[in-house]
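Peer 1: my questions concern the predicted model and sequence given below.
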Amino acid sequence: MTSPDKTAGAQGDSRAATEAALLEAFGGVRGMVETTVPGLVFVAVYTADRDLHIAGIAALALSLVLGIARLLRRDTLKHAFGGVFGVAFGAVFAMMSGDAKNFYLPGMLYTLGLAVAYIVTALCGVPLLGLILGPIFKENLSWRTRNPGRKKAYTKASWAWGLILLAKSAVLFPLYWWGDATQLGWVKVALGIPPMLLSVYLTWIFLAKAPPPIDVFAELEAAEAEAKAKAAAAQGS
């Protein structure tokens, strides 16, 4: 029988691994802040002087500084480039259109598209969150056929992400159509971190209760080692 101490230790290791994987995948709290602060700077500057170009340049400059800081710290490049690219695209789109609300439109469309992707993939039995986190957990797609408990957890988590992001979109798009730029900007800033934290927390809850991942890389290494040992034994005999 497995002792309570060993069981508790295994559960603790599983939860720690889940926390580490979520931090790596979504950039942690710092990544959430970095994706929110440029929008905060944009709406603050635009609210102060109504100068679209200055607001866009200020947000882009801050995003570049944050991206360079990540590079200097040798953090994950996808978070640095993703943030800079998103802010740059929104700033250029807003300045070209002359409408400050368009600074937020690319991010809003991305959020809506991501919500649909989470829900559709969950319905199709290939939850997007499993595709994102599988390689990080070194399980790849083994959860689809060999670990039904984790597939169920990934499906629940994908539904959570999809519904939360849909709710966020349901608040923002009416403001884009009928509100002004400052209203949209402040509400979008307010909805930047809380929905993300809720989604990550629910994901952590679902995965912490799920069976541990199957390390397919370790299995491959073990199979290769066994094959080499058999080959060596055959040559020796």
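Peer 2: Yes, it's here. As the structure is a computational prediction, the values presented were derived from the model and not from experiment.
Peer 1: let me see the mean pLDDT of the lengthiest helix in the chain.
Peer 2: Ranked by residue count, the top helix of the chain under DSSP state H comes out as helix 148-178. Helix 148-178 shows a mean pLDDT of 96.
Peer 1: same check on stretch 110-124?
Peer 2: pLDDT averaged over stretch 110-124 gives 96.
Peer 1: same check on stretch 207-218?
Peer 2: 88.
Peer 1: swap in stretch 74-90?
Peer 2: Mean predicted confidence for stretch 74-90 is 72.
Peer 1: list the contacts for residue 198?
Peer 2: By CB atoms under 8 Å, 6 or more residues apart in numbering, the contact list for residue 198 reads residue 164. In this view, the C-beta of every residue, glycine as well, is placed from N, C-alpha and C.
Peer 1: quick revisit: residues making contact with the helix or strand just after the longest helix of the chain?
Peer 2: The first helix or strand that comes after helix 148-178 along the chain, using DSSP states H and E, is helix 181-190. The contact list for helix 181-190 (CB under 8 Å, 6+ apart) reads 36, 39-40, 42-43, 46-47, 99-101, 103-104, 107-108, 171-172, 175-176, 179.
Peer 1: among these, which are in helices?
Peer 2: Per DSSP H, the contacts of helix 181-190 map to helices at 36, 39-40, 42-43, 46-47, 107-108, 171-172, 175-176.
Peer 1: of those residues, buried ones?
Peer 2: Neighbour counting over those (16 or more other CB atoms under 10 Å) leaves 36, 39, 40, 42, 43, 46, 107, 108, 172, 175, 176 as the buried ones.
Peer 1: quick revisit: between the ones in helices among the contacts of helix 181-190, which is nearest residue 143?
Peer 2: residue 107 (30.0 Å; CB to CB).
Peer 1: of all residues in this protein, which one is nearest the centre?
Peer 2: With distances taken as CA atoms, centre = their mean, the residue of the chain nearest its centroid is residue 26 (3.6 Å).
Peer 1: on that earlier part again, from the chain's centroid, how far away is the longest helix of the chain?
Peer 2: Taking CA atoms, centre = their mean, to the nearest Å, one finds helix 148-178 lying 12 Å from the centre of the chain it belongs to.
Peer 1: show me what it is packed against.
Peer 2: helix 105-123, helix 128-133, helix 142-145, helix 181-190, helix 194-208 (3 or more CB pairs under 8 Å, 6 or more residues apart in numbering; DSSP states H and E).
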